[in-house]
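**Q** Any chance you could fold what I've pasted below:
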Amino acid sequence: MDNKWKVLIGILLAVIFLGGETAAQLMGYKTYSIGYILGALSFIGAIVVGARQK
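**A** Predicted structure coming up:
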């Protein structure tokens, strides 16, 4: 798989995690901010994969 696809998937996962966390908090669920943590890790992972040279 090409690096740009890995970066795109990482960013999309971050958006899904952050959006899910926000929606869950708006609905009043107790989430312990796990979505924010997973979203941040996914975004950082996408940056690291994108910055890596072949």
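
**Q** buried sites along stretch 33-48?
**A** Gly35, Leu38, Gly39, Ser42, Phe43, Gly45, Ala46 (16 or more other CB atoms under 10 Å). C-beta coordinates here come from the backbone N, C-alpha and C atoms, glycine included.

**Q** And for that stretch, what's in contact with it?
**A** Residues outside stretch 33-48 that contact it (CB atoms under 8 Å, 6 or more residues apart in numbering): 6-11, 13-18, 20-22, 24.

**Q** Kindly supply the ChimeraX command isolating those of those residues that are buried.
**A** Selection of the buried residues among these in ChimeraX, burial being defined by 16+ other CB under 10 Å:
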select :7,10,11,13,14,17,18,21
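
**Q** Most widely separated two among the buried residues of stretch 33-48?
**A** Gly35 and Ala46 (16.2 Å; CB to CB).

**Q** In this structure, which residue is most central in space?
**A** Ala14 (1.7 Å; CA atoms, centre = their mean).

**Q** Spatially nearest residue to Val49 (excluding sequence neighbours)?
**A** Lys6 (4.9 Å; CB to CB, 6 or more residues apart in numbering).

**Q** My read is that the one you found contacts Ala51, right?
**A** No - if you go by CB atoms under 8 Å, Lys6 and Ala51 don't touch, sitting 11.7 Å apart.

**Q** which helices and strands sit right next to the top helix by length along the chain?
**A** The residue-count maximum for a helix in the chain (DSSP state H) belongs to helix 3-26. Helices and strands touching helix 3-26, by 3 or more CB pairs under 8 Å, 6 or more residues apart in numbering; DSSP states H and E, are helix 34-51.

**Q** Quick check: the residue nearest to Val49 vs Met27, distance?
**A** Look at Lys6 and Met27: by CB to CB, to the nearest Å, they are 32 Å apart.

**Q** just Gly35 next, same as before
**A** 13 Å.

**Q** ok, residues contacting stretch 3-23?
**A** 31, 33-36, 38-40, 42-43, 45-47, 49-50, 52, 54.

**Q** coming back round to it: what pLDDT is listed against the residue nearest to Val49?
**A** pLDDT for Lys6: 93.
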